[in-house]
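Peer 1: 3D model of this:
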Amino acid sequence: MSLDFSLLSRWPDVEDENLHAVDAADRLLLDLASEAGWPAEPGRVVILGDHYGALVLGALDAGVRGIRVHQDALSGARAIDANAASLMPGLSGEYRQLPPGAELLRGATLVLMALPRSLDALEEMLGFIAEHAEPFVTVMAAGRIKHMNLSMNQVLGSYFGSVTASLGRQKSRVLTATGLLPAGQLPATRFPLQQSFPLGLAKPLELRAYAQTFGGAKLDPGTRFLLEHLEPPAGARRAVDLGCGNGTIGTYLAVKHPRLSVHACDQSASAVASTQSTAAANGVGDRVLAVQDDALGTLPAASEQLVVLNPPFHMGNTVHAGIALKLIADAGRVLAPGGELWCVWNSHLGYRSQLEKLVGSTRQVARNPKFTVTVSTKA
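Peer 2: Alright, predicted model coming up:
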């Protein structure tokens with residue numbers, strides 16, 4: 001290959017010296033796909049979960065054309081486009097980014113996949129492949145060995161008659177699945193996942209989650225602690241649920257406070273769909289607007305009175321504060337003077353000084369052995 005992987009960027013995602021746009025699993029997957037032979041006909045290759053474009057650009061560099069791509073994270077999707085525009089501007093029209101479904105997978109004979117973190121996400125995507133791809137499709141899924149387990153083979157084996165594992169290389173491995181099982185032998189879909197939780201409302205809160213939503217349909221313990229103390233400002237007519245996930249916070253606010261409309265956003269397309277499903281299940285779908293966004297990029301500065309955030313403390317499989325600080329800073333940007341950011345965070349992370357710096361005066365509302373709830377007021 002002539003592609004120089006070192007030139008790939010993570011932008012607009014967080015950049016840092018210990019965060020990389022390509023890894024050994026990407027390289028191994030491309031090498032094994034090349035050894036097996038790429039489909040000669042354009043439009044037969046689908047790439048799922050490519051983090052920043054290594055797989056897409058690697059396939060383009062190998063001569064593959066008409067590639068279809070799905071990346072759940074908006075920052076990752078934008079990074080693929082940015083890297084393609086920078087490194088292969090003449091080939092940017094040779095791939096398309098699409099949501100899961102028939103248009104993404106119809107006619108596919110080879111699917112390359114970065115193994116997702118959860119078995120649910122793997123199962124959900126295999127369900128789409130089984131429904132829409134060619135019966136003789138081959139799936140090649142790569143991951144770092146430390147994040148792989150035999151259960152992944154078993155999930156693949158519930159859809160395909162043959163699952164083999166490559167030799168390890170640079171702590172990475174590729175699982176290859178062939179022989180798609182007949183429709184009558186395939187598992188029934190379980191998505192969206194469903195759970196309900198009593199939260200002091202008239203009825204238990206019904207949570208819904210598609211598989212690539214972080215935390216699934218569970219009630220995050222930090223979120224539960226936050227909701228025990230959250231009290232919107234008296235004059236607020238809209239709340240922003242930043243990093244909405246399965247929609248717990250935004251839906252809870254809409255149910256408990258009928259005066260509020262909710263703007264919910266997440267960079268995960270799966271999370272946006274989950275929030276929409278959760279809001280509808282609780283009868284407040286008309287007051288919860290869920291959108292895919294990079295932080296709060298679609299909202300103007302000084303436009304909001306209330307933002308609520310349970311920030312992530314990891315990026316992919318790496319513990320890193322960068323994404324949390326990005327979200328806090330953007331909350332500070334969109335808050336109007338006197339507006340409030342309610343935030344819950346793992347107490348050992350010590351975000352208070354950053355909240356003071358990026359938003360404004362911050363007071364502790366509650367604290368338990370694991371979590372701290374704060375409210376920061378925009379000056």
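Peer 1: can you give me phi and psi for the residue at minimal distance from the centre of the chain?
Peer 2: With distances taken as Cα atoms, centre = their mean, the chain has residue 268 as the residue nearest its mean C-alpha position (3.8 Å). With angles defined as degrees, to the nearest 10, residue 268 sits at phi -90, psi 120.
Peer 1: so where's the stretch 101-250 of the chain uncertain?
Peer 2: By pLDDT under 70, the stretch 101-250 of the chain has no low-scoring segment.
Peer 1: hmm, try it at 90
Peer 2: By pLDDT under 90, the low-scoring segments of the stretch 101-250 of the chain are 117, 235.
Peer 1: can you give me the helices for it?
Peer 2: Secondary structure of the stretch 101-250 of the chain (DSSP state H, counting those that start in this stretch): helices located at 102-105, 119-132, 150-157, 221-227, 248-256.
Peer 1: what's the first helix or strand after the last one?
Peer 2: For helix 248-256, the succeeding helix or strand toward the C-terminus, using DSSP states H and E, is strand 261-266.
Peer 1: what sits closest to the residue nearest to the centre of the chain if chain neighbours are left out?
Peer 2: residue 72 (5.3 Å; Cβ to Cβ, 6 or more residues apart in numbering). The way it works is simple: take the backbone N, C-alpha and C, and place the C-beta from them, glycine included.
Peer 1: that neighbour touches residue 270, doesn't it?
Peer 2: Yes: shown here, residue 72 and residue 270 form a contact pair, counting by Cβ atoms under 8 Å, at 5.3 Å.
Peer 1: list residues touching both of the two?
Peer 2: Residues within reach of residue 72 and of residue 270 at once, by Cβ atoms under 8 Å, 6 or more residues apart in numbering, are residue 212.
Peer 1: what's near enough to touch residue 248?
Peer 2: By Cβ under 8 Å, 6+ apart, residue 248 lies in contact with 205, 207, 219, 220, 223, 227, 278.
Peer 1: mind listing what the third one touches?
Peer 2: Residue 219 is in contact with 195, 197, 199, 205, 207, 248, counting by Cβ under 8 Å, 6+ apart.
Peer 1: 10 Å instead?
Peer 2: 195, 196, 197, 198, 199, 205, 207, 227, 246, 248 (Cβ atoms under 10 Å, 6 or more residues apart in numbering).
Peer 1: most neighbours of all the residues you listed, which one?
Peer 2: Neighbour counts for the contacts of residue 219, by other Cβ atoms under 10 Å, peak at residue 246, which reaches 31 neighbours.
Peer 1: related to what we said a few turns ago, ok, the residue nearest to residue 268 to residue 114 distance?
Peer 2: For residue 72, the distance to residue 114 (Cβ to Cβ, to the nearest Å) stands at 11 Å.
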